[in-house]
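Undergrad: fold the following, please.
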Amino acid sequence: MSVRTGGGGEVRNTRQRRAVSQALASLEDFISTQDLHALLRERGESVSLATTYRILQSMSELGELDVLRGGDGEAIYRRCAAEHHHHHLVCRRCGAAVELEAPTVEEWAGRTAAAHGFTEVDHTIEITGLCAACSARRADG
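TA: Model (predicted):
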């Protein structure tokens, strides 16, 4: 069984790929490759760490996942709920994320790119901070 990609190619829908996909579908927040691998092991799935990395990279390239860089520079992943361009507000501590629509940002990015002669522009905006729950725990502790 194969999964057709947007570019006309196909990616094999292996047992490991299905396990990674199902694990991501069960999560609401972003997760690192290491943490996802640990989750897969807890679920009894035999997927190596290297294979987990490769599958996440492939899914990301196919646009199936949102990818952000955590505070330490490590990539974190989440199955994207929105089917169109958007941005994220992400908690640095727990990984909770809010998808943001930002038409003003879109207009600014287009104007800025055009002013510098750029075309076929893409952009990613990540706003990080502490969510309300983490802020409250910090204040309590």
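Undergrad: domain parsing of this protein, as residue ranges.
TA: Taking automatic domain parsing as the reference, the chain has its domains at 1-81, 84-141.
Undergrad: chain center to the first one, what's the gap?
TA: Distance of domain 1-81 from the chain centroid (Cα atoms, centre = their mean, to the nearest Å) equals 9 Å.
Undergrad: before we move on, back to that, in JSON lines: the domains of the chain, plus mean pLDDT and mean neighbour count.
TA: Every residue, glycine included, has its C-beta placed from N, CA and C. Below are these laid out as JSON lines (pLDDT from 0 to 100; neighbours: other Cβ atoms under 10 Å):
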{"stretch": "domain 1-81", "mean pLDDT": "83", "mean neighbour count": "15"}
{"stretch": "domain 84-141", "mean pLDDT": "84", "mean neighbour count": "12"}
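Undergrad: which stretches of this protein form helices?
TA: 15-25, 33-42, 49-61, 103-115, 132-140 (DSSP state H).
Undergrad: all set now, cheers.
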